[in-house]
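**Q** Next come a sequence and a model predicted from it.
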Amino acid sequence: MESTLLAPTVTQKEDVSQLHFPSGEVLFNSEDIASRIISLHYASKLGNQDRYKVKIIFQDDEVMRKVDTTVWAVTDKMVVLKMGVLIPIHRIHEVKFL
């Protein structure tokens, strides 16, 4: 996975729905993209079984951000967090298991 050089801005899960997400992909390596999908599905499995939280590093139209959250579901284009909050998969740089 791509390592983030700048410290991401801590963002509350409730604030994610107010952010704007461009349509461009943030990862350029096909291996990183595949690894991101595997990590997200694993995070979803852990979130549903054990309410396990992960740190998601993502980018909106302004800055790099991070949110500590439980992943409830993963669709082909979105990650679903608690209360129906969505993050587009193509804007996620990394998933860190806490």
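**A** Now that the structure is in, tell me what you want to look at. Nothing here was measured: the structure is a model prediction, and the numbers come from that model.
**Q** Which residue ranges of this protein form helices?
**A** 30-50 (DSSP state H).
**Q** Next, count neighbours for Ile89.
**A** Residues near Ile89, counting by other Cβ atoms under 10 Å, number 20. C-betas here are computed from N, CA, C, even on glycine.
**Q** try Met78
**A** Met78 has 14 neighbouring residues, counting by other Cβ under 10 Å.
**Q** ditto for Phe21
**A** Number of residues near Phe21 (other Cβ under 10 Å) recorded here: 16.
**Q** Looks like it contacts Glu62 (just checking).
**A** No. Counting by Cβ atoms under 8 Å, Phe21 does not reach Glu62; the two are 10.5 Å apart.
**Q** Report the beta-bridge partners for the residue nearest to the spatial centre of the chain.
**A** In the chain, the residue lying closest to the centroid (Cα atoms, centre = their mean) is Ile56, at 4.0 Å. Taking DSSP bridges as the rule, Ile56 bridges to Val67, Val95.
**Q** That one and Lys77, how far apart?
**A** 15 Å (Cβ to Cβ, to the nearest Å).
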